[in-house]
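Peer 1: what shape does this take:
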Amino acid sequence: MWEAPFLSLREACAVTVLACVTGGVLLGVAGHFSAADERIRTAPLCTAEQAFTPARCRFAFDGTVTDATGSRAGLDVWGRHYTVDAVIRGKPETHVGKAVRVTMYRGEPVRVEGASLVFDVDGTPASRADFWRNTGYVLLLAGVFGGGGSVVVALLTRPRKTRSEGAGQPGTQAGARAR
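Peer 2: Residues are numbered from 1 along each chain as shown. Below you'll find the predicted structure:
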């Protein structure tokens, strides 16, 4: 009925546990980055003198998108030009020349929001939290469904002992009665 499993029962259980534990650890890492992102979002507002300095404060400026590709954006923020790495979905070139609100933290852009454009700059806690959270969920689901499915297949395909297999063998009740 069933063919031999790809993994033994022990291997399938190990893969399931490993994937689930790794996924859980990655969700913990995502939580760490989410906490760092929350610190940015709740940081005190910068004074005018602190705005473009590495002070631990945030400030939102009006800016303009000067260049955009699928992985980079050029921004003009109060006469300063920034090129940031980011994942920009859709048609990035349609955003060139558009007004945006740029959130700065410690003198660097961390988030860009416009009428039809919102992204977190790569390398910021928000972008890292999203990456590790998604990776953790994928591993958890792979562990539960992929590994769990392998466990079920391994259980269904393992050889079963029948009552007659033990007859006549030393150390079994049937073997003891036969003597």
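Peer 1: the longest strand anywhere in the chain: what's the following helix or strand?
Peer 2: As assigned by DSSP state E, the longest strand anywhere in the chain is strand 58-68. Proceeding N to C from strand 58-68, the next assigned helix or strand is strand 72-77, under DSSP states H and E.
Peer 1: for Arg39, what is the enclosing helix or strand?
Peer 2: helix 9-41.
Peer 1: could you give the average pLDDT over that helix?
Peer 2: The pLDDT scores in helix 9-41 average 91.
Peer 1: tell me which residues in that helix are buried?
Peer 2: By neighbour count with 16 or more other CB atoms under 10 Å, helix 9-41 contains the buried residues 12-13, 15-16, 19-20, 22-23, 26-27, 29-30, 33-34, 37, 40. In short, each C-beta sits where N, CA and C put it, glycine included.
Peer 1: how far away from the center of its chain is it?
Peer 2: 8 Å (CA atoms, centre = their mean, to the nearest Å).
Peer 1: tell me what it is packed against?
Peer 2: If contacts are counted by 3 or more CB pairs under 8 Å, 6 or more residues apart in numbering; DSSP states H and E, helix 9-41 sits against helix 125-141, helix 148-157.
Peer 1: please identify the most buried of these.
Peer 2: helix 125-141 (a mean of 17; mean count of other CB atoms under 10 Å).
Peer 1: low-scoring stretches of this structure, by residue?
Peer 2: 1-6, 162-179 (pLDDT under 70).
Peer 1: cutoff 90 now
Peer 2: 1-16, 48-49, 51-52, 70, 78, 87-94, 114-118, 123, 127, 142-179 (pLDDT under 90).
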